[in-house]
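**Student:** Sequence isn't available, so here's the structure alone:
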Ligand SMILES: [Zn+2]
């Protein structure tokens, strides 16, 4: 059985938001259309406390884009984003949320970031997504959303590690591209690790 995972389709990742992903709003109508083909849909939601250690403003003398060491891991510093209960953390108003079975918040621990919808970046805590998919007999996981080179990528990598047949719906994702080529490299790495790239039209035509 197949599940659709909507990754971080939140205001702060859409143009006008704190980490505006270029053309990020383009995924909203596509994700809505795609949902017609799935009976099992879940979403991830970046959901940070205000003192989250991934925010540059929480480190004196550091700037956005700097890389620090955080709990033994390399951490990129971001603008403050997706702070719990704020407008920026909400799903885009145009996203159809009526079929979402469960929302998996991530990045809730101030001391560790979480790009993947399955685990934090240190693989210390599970969000429960893998168990939820398995308990509901899901074997194929289709992933779309924001951003290709971070949260989509790491969600897909963990999905593979968890043993799910994993697809990234390429045209229903957009990337941050801190460095040019990041999206292309992310997609290449995913394919090398066994992830399939698929176009939404192919799914809609089946
Ligand atoms: Zn975040």
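**Tutor:** Right, received. Where do you want to start? Model, not experiment: these values are computed from the prediction.

**Student:** What residues sit buried inside the helix or strand residue 197 falls within?
**Tutor:** Element membership for residue 197 (DSSP states H and E) is strand 196-198. Neighbour counts over strand 196-198 (16 or more other Cβ atoms under 10 Å) mark residue 198 as buried. Bear in mind the C-beta positions are built from the backbone N, C-alpha and C, glycine included.

**Student:** Give me the helices and strands touching that strand, please.
**Tutor:** Judged by 3 or more Cβ pairs under 8 Å, 6 or more residues apart in numbering; DSSP states H and E, strand 196-198 is in contact with strand 165-174, helix 182-192.

**Student:** quick one: average pLDDT of the shortest one?
**Tutor:** I take that to be strand 165-174. In this model, strand 165-174 carries a mean pLDDT of 98.

**Student:** and that strand with helix 182-192, angle?
**Tutor:** Comparing the axes of strand 165-174 and helix 182-192 via axes from the mean of the first three to the mean of the last three Cα atoms, to 10 degrees yields an angle of 170 degrees.

**Student:** buried set for stretch 41-61?
**Tutor:** The neighbour-count check on stretch 41-61 (16+ other Cβ under 10 Å) flags 41-48, 52-56 as buried.

**Student:** and the residue in the chain positioned nearest to the ion, backbone torsions?
**Tutor:** Closest contact between the chain and the ion, by Cβ to the ion, is at residue 46 (4.2 Å). Phi and psi for residue 46, reported as degrees, to the nearest 10, are phi -60, psi 130.

**Student:** repeat for residue 96
**Tutor:** With angles defined as degrees, to the nearest 10, residue 96 sits at phi -80, psi 110.
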